[in-house]
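Visitor: Build the 3D model from these lines:
(chains A, B, C and D)
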There are 2 protein chains.
Amino acid sequence: MAASIEDVAKKANVSISTVSRVLNRRNLVNVETRKRVEAAIAELGYRPNVFARGLMLRKSNVLGLVLPDLHGEFYSEIIRGANQKTRELGYHLLVSSVTADDDGQDVLAAVGTQGLVDGMIVMVTEMSSMIRKSLQNASIPLVVLDGDIQGAKHDTVAIDHHNGAETLVRRLVSSYPGKRIVFLGGHETNLDTIDRLNAYRKVLAEVGVRPAAEDVVHLDYRYSTAFEYATERVSEWAAAGATVFAANDEMAAGVVDAAIAATLSIPEDLRVVGFDDTRISQLTRPRLTTVHVPMAEMGAKAIELLCERLNEPERPSSRVILPTRVVVRESCGTLSGS
Amino acid sequence: MAASIEDVAKKANVSISTVSRVLNRRNLVNVETRKRVEAAIAELGYRPNVFARGLMLRKSNVLGLVLPDLHGEFYSEIIRGANQKTRELGYHLLVSSVTADDDGQDVLAAVGTQGLVDGMIVMVTEMSSMIRKSLQNASIPLVVLDGDIQGAKHDTVAIDHHNGAETLVRRLVSSYPGKRIVFLGGHETNLDTIDRLNAYRKVLAEVGVRPAAEDVVHLDYRYSTAFEYATERVSEWAAAGATVFAANDEMAAGVVDAAIAATLSIPEDLRVVGFDDTRISQLTRPRLTTVHVPMAEMGAKAIELLCERLNEPERPSSRVILPTRVVVRESCGTLSGS
DNA sequence: CTGAAAGCGCTTACAG
DNA sequence: CTGAAAGCGCTTACAG
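Guide: Predicted coordinates:
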C-alpha cells in the first residue's frame, strides 16, 4: 500500500493540512516544519494520489489526443511533437485513435470520459454529423487540428495546405505550360483531398484550363493502390508529357516506382510531385518534389494552445495557421517561380 | 457543471446507492427501478466522475506506454498495435517517451504517477542503473518490451532478434562462401545492436572466421549517417565482393543509395541486407532483403499481457517471444537455405 | 503559522 | 430489493 498524506503527517508530527500546504503552497509554512515534512515525504516515497487530488482540483493534468488512425509516419510526427511539448509543460498525453466508421460515440469515450482529460486535441479527416455532435457536447477545451467543428467552441491549428498546393500547381503550370496535370487524390470525402483538389482546379482555371475527367482520380492515399493504378496509365501520361500531382508522398512514390518499372525515366519522361514531405520523399529515386507540412509543429502548437486555454478559459478562440513550403527535389525537374 | 450521481438519484427518485448499483451490478436492482434510473442517466447525460470512482476502485483503466523516443515508423507501429488492443479491451493508453539521457526519475514520473495508470509497458534500449532502480520500485504491473529489468517483477514480450540475425547471417555465409560480411550497427551500447553483433560473430566463428576490425562499424541507426559513411567505403566493399549487414533498414537504405550514387549495381556489385522490415525496405530500389520484426504485434501482445496480469495479479511472470523471419527481396540476390 | 472539519463524487458492506 | 452511512485521500476556507 502506498503511503498516504496521513502517514506523512504522522511521521512529521503535523496535521494533513500542513502536509498539503507544503505540497501546494510551500511558502505558507514555516521553514522548520516544511523541512520536517519534506523529509517524511522523501523517506516514505510519498506521492499524492491523483484521484483524491483530481476530485478536489478537478484536473488531471492529462491531455487527450485523438487521431483518425495511427498509420504511417504522418501521424507519428504529430504524436511526437505533441508528446514532447506535453512533457515540457508538465502534463501527460493520452493518445487514442478513431476509425473512420466511428459513430461519434467513441470519439468522446475515447478520451473524454468525464474528468479523465483536462482538454483534448482532435483531428477529423472525415466529418460525420455524429462526430460533430459529440464534439459539440464536449465540456472540456478542444483544439481542432486542421479543420473546424461548427457549433463547437475550439481553438485551431491549421496548416496552410491550400496555399502550398496552389503554389506548387502554379509553379507546375508556369514551368510546363500547356501540359496536362493529373491529380491523384484520396477519397472524395477526405478534407485534405478536397482542399488540394480545389487549389488544383483554381490554378488551372486561372489559365483557362478545365481538367478532363480522367485527370482527376480518387484513390486511397496508399502506395500500393497508386502503384497499381499508375501501372495502367503511366505510358499514356508519359506520352502526353504530363505531370502527376499526388495528394500525398506515398502515392507519388507509387507512381514513381510504377514509372520506373515501366522503364520510364523521371523526370524526363514523366514528372511527379507529392505532398507532405514525409521521409518517403527522400527515399524514392529520384527524390520527390513535394510540399513540406510541419506535422510535429502542429502537434506541439496544439498542446501549447490547449494549455494556454486551460490557464485562461475565457480568452477568445484562436486559430494558428502553420505555413507550408514547396521543396524542390528531383522528381519534377527544375521548377520556375519561387 | 456535469451531472453527479446525486442529480441522477434525485431525478429517478432513488438513493445514490441504487444509482451506483445500476452502474456496477445492474442485476441487483429491480427492473422497474433500473429503467427509471437509466432514463435519468440518459436524460442528464450523466457520466461517473473518474476521480471519485478511481479513489474507491483504485483503478483508472489507463495503461502507460513508455518508449525510448518517438521517432520513426518503428515506434509508431508499437503504438498502433498497443492502441488498438487497448481500446479493444476497454482501456485507455497514455503514451510517453523518455530520452536517452533520462536520469530514471522521469521514467516513473512519465507514467507512474501514483494511481494515474494501472500498469505500464516500458521499452528501454539503453539501460542505466537509475532507470533500472526506478523500475524496480514501480508498484504497478510492468511489461517490458524486448528486454529485461533485473530485480523487478515483470512480464516480457521479446522478439527473437537473435534467431533472425543468426538465420540471416548463416544464409549469407552459405550463399557467398568466403566473402566478407560487414556489420553496420547502432551505438555500441544499444541492446539490439549488441544482440545482432553477437549473432554475427557467432555464425562467422562457426565457419572459422574472425571479422576484421574494420568490418564491425558502429553508427547511429540513421539513414544519413549511413549514407555518408558508406559513400567513403562503398567502392572498397564492392571490390571485395562484400555483403553489408546493417542492423536496421534505415542504414541499409543509406548504403543502397550511396552505392547507387557511386554508380554501383545492387546486388551485382554490392549486396546489402537490413533489419526490421519497416516500410523503407520496400521503397528502396532494389528492395531490401531484411528480417521482419512484428512491432505492432509486440505492442498488442504487451497490452494483452498487462491486462491479464491486472485481472490475475498473482499469476507467474510470463515471457512471450515473437518470431522473426527473413524476408528475401532483391538487395542481396538469391539466398540459399531457408 | 497551524489544525479541525467539511466536502469533492463515488462504492460498498450493513441493515432492513 | 433499497437506503443510510462510512470511507477512499486529498484541498481549502475557517478559526485560532
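
Visitor: list the buried ones in stretch A:28-46?
Guide: Neighbour-count burial for stretch A:28-46, with 16 or more other Cβ atoms under 10 Å in any protein chain shown as criterion, is recorded at A:29, A:33-34, A:36-38, A:40-41, A:44, A:46. In this view, the C-beta of every residue, glycine as well, is placed from N, C-alpha and C.

Visitor: now, which of these lie within helices?
Guide: Counting by DSSP state H, the buried residues of stretch A:28-46 place A:33-34, A:36-38, A:40-41, A:44 in helices.

Visitor: export these to JSON lines and tack on distance to residue B:280?
Guide: As requested, those are arranged in JSON lines below (distance: Cβ to Cβ, whole Å):
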{"residue": "A:33", "distance to residue B:280": "59"}
{"residue": "A:34", "distance to residue B:280": "55"}
{"residue": "A:36", "distance to residue B:280": "58"}
{"residue": "A:37", "distance to residue B:280": "54"}
{"residue": "A:38", "distance to residue B:280": "51"}
{"residue": "A:40", "distance to residue B:280": "53"}
{"residue": "A:41", "distance to residue B:280": "48"}
{"residue": "A:44", "distance to residue B:280": "49"}
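
Visitor: farthest-separated two in the residues you listed?
Guide: Farthest-apart pair in these is A:33 and A:44; separation 16.6 Å (Cβ to Cβ).

Visitor: Neighbours of the residue nearest to residue A:336 when sequence neighbours are not counted, how many?
Guide: Leaving out its chain neighbours, the residue that sits closest to residue A:336 by Cβ to Cβ, 6 or more residues apart in numbering or on different chains is residue A:175, at 4.7 Å. By other Cβ atoms under 10 Å in any protein chain shown, 16 other residues sit near residue A:175.

Visitor: now swap in residue A:188 and tell me
Guide: Burial of residue A:188, expressed as a neighbour count using other Cβ under 10 Å, amounts to 10.

Visitor: residues of stretch A:325-333 that come out buried?
Guide: For stretch A:325-333, the neighbour count (16+ other Cβ under 10 Å) marks A:326-329, A:331-332 as buried.

Visitor: likewise stretch A:214-230?
Guide: Using 16+ other Cβ under 10 Å as the test for burial, stretch A:214-230 gives A:215, A:217, A:219, A:221-223, A:225-227, A:229-230.

Visitor: pretty sure residue A:302 contacts residue A:121?
Guide: Yes: counting by Cβ atoms under 8 Å, residue A:121 is a contact partner of residue A:302 at 4.6 Å.

Visitor: shared neighbours of the two, which are they?
Guide: A:82, A:143, A:145 (Cβ atoms under 8 Å, 6 or more residues apart in numbering or on different chains).

Visitor: in which helix or strand would I find the closest residue to residue A:86 other than its chain neighbours?
Guide: Leaving aside its chain neighbours, residue A:86 sits nearest to residue A:93 (4.4 Å; criterion: Cβ to Cβ, 6+ apart). Per DSSP states H and E, residue A:93 falls inside strand A:92-97.

Visitor: Next one: the most centrally placed residue in chain A, what pLDDT does it get?
Guide: In chain A, the residue lying closest to the centroid (Cα atoms, centre = their mean) is residue A:78, at 4.7 Å. As predicted, residue A:78 sits at a pLDDT of 90.

Visitor: part of a strand, is it?
Guide: No: Residue A:78: not assigned to a strand; according to DSSP: H, G, I helix; E, B strand; the rest coil it is helix.

Visitor: Roughly how far does it sit from chain B?
Guide: Using Cβ to the nearest Cβ, to the nearest Å, one gets 10 Å for the distance from residue A:78 to chain B.

Visitor: residues touching that residue, list them.
Guide: Applying Cβ under 8 Å, 6+ apart, the residues near residue A:78 are A:65, A:67, A:123, A:145, A:295-296, A:298-299.

Visitor: Now do it against residue A:243, distance only.
Guide: 29 Å (Cβ to Cβ, to the nearest Å).

Visitor: Over to residue A:22?
Guide: 67 Å.

Visitor: Residue of the stretch 51-200 of chain A closest to DNA strand C, please.
Guide: residue A:55 (3.9 Å; Cβ to the nearest atom of the strand).

Visitor: Tell me if I'm right that that residue and residue B:56 touch.
Guide: No: look at residue A:55 against residue B:56 with Cβ under 8 Å: they stay out of range, at 10.5 Å.

Visitor: So for the two, which residue has more residues nearby?
Guide: Neighbour count, other Cβ under 10 Å: between residue A:55 and residue B:56, residue A:55 has more, with 17 against 9.

Visitor: quick one: contacts of the helix or strand in which that one is found?
Guide: Using DSSP H and E, residue A:55 sits in helix A:50-57. Residues outside helix A:50-57 that contact it (Cβ under 8 Å, 6+ apart) are A:60, A:115, B:49-55, B:60, B:113-116.

Visitor: Up against chain B, what does the stretch 201-338 of chain A have?
Guide: A:223, A:253, A:257, A:260, A:279-280, A:282-285 (Cβ under 8 Å from any Cβ of the partner chain).

Visitor: And the residue of the stretch 101-250 of chain A found nearest DNA strand D, how close does it get to residue B:58?
Guide: Nearest residue of the stretch 101-250 of chain A to DNA strand D, counting by Cβ to the nearest atom of the strand: residue A:115, 12.7 Å away. According to Cβ to Cβ, residue A:115 stands 16 Å off from residue B:58.

Visitor: Compare these two (neighbour count), which wins?
Guide: A side-by-side neighbour count of residue A:115 and residue B:58, using other Cβ under 10 Å, places residue A:115 first with 24 against 13.

Visitor: can you pull out the helices in the stretch 101-250 of chain A?
Guide: Counting by DSSP state H, counting those that start in this stretch, the stretch 101-250 of chain A has these helices, from start to end: A:105-112, A:129-136, A:161-175, A:191-206, A:223-239, A:249-261.

Visitor: Pick the most buried one from those.
Guide: Most buried of the helices of the stretch 101-250 of chain A, by mean neighbour count (mean count of other Cβ atoms under 10 Å in any protein chain shown): helix A:249-261, with a mean of 26.

Visitor: okay but the residue nearest to residue A:336 is in contact with residue A:328, surely?
Guide: No: Residue A:175 is not in contact with residue A:328 according to Cβ under 8 Å; the separation is 10.3 Å.

Visitor: Common neighbours of these two, please.
Guide: Common contacts of residue A:175 and residue A:328 (Cβ under 8 Å, 6+ apart): A:334-335.

Visitor: which residues sit against stretch A:325-338?
Guide: Residues contacting stretch A:325-338 (Cβ under 8 Å, 6+ apart): A:164, A:167-168, A:170-172, A:174-175, A:243, A:252, A:256, A:266-268, A:271-274, A:277, A:281-282, A:284, A:286-292.

Visitor: which parts of chain A sit against DNA strand C?
Guide: Proximity of chain A to DNA strand C, by Cβ under 7 Å from any atom of the strand, involves residues A:13-18, A:21, A:28-30, A:32-34, A:52, A:55-56, A:114.
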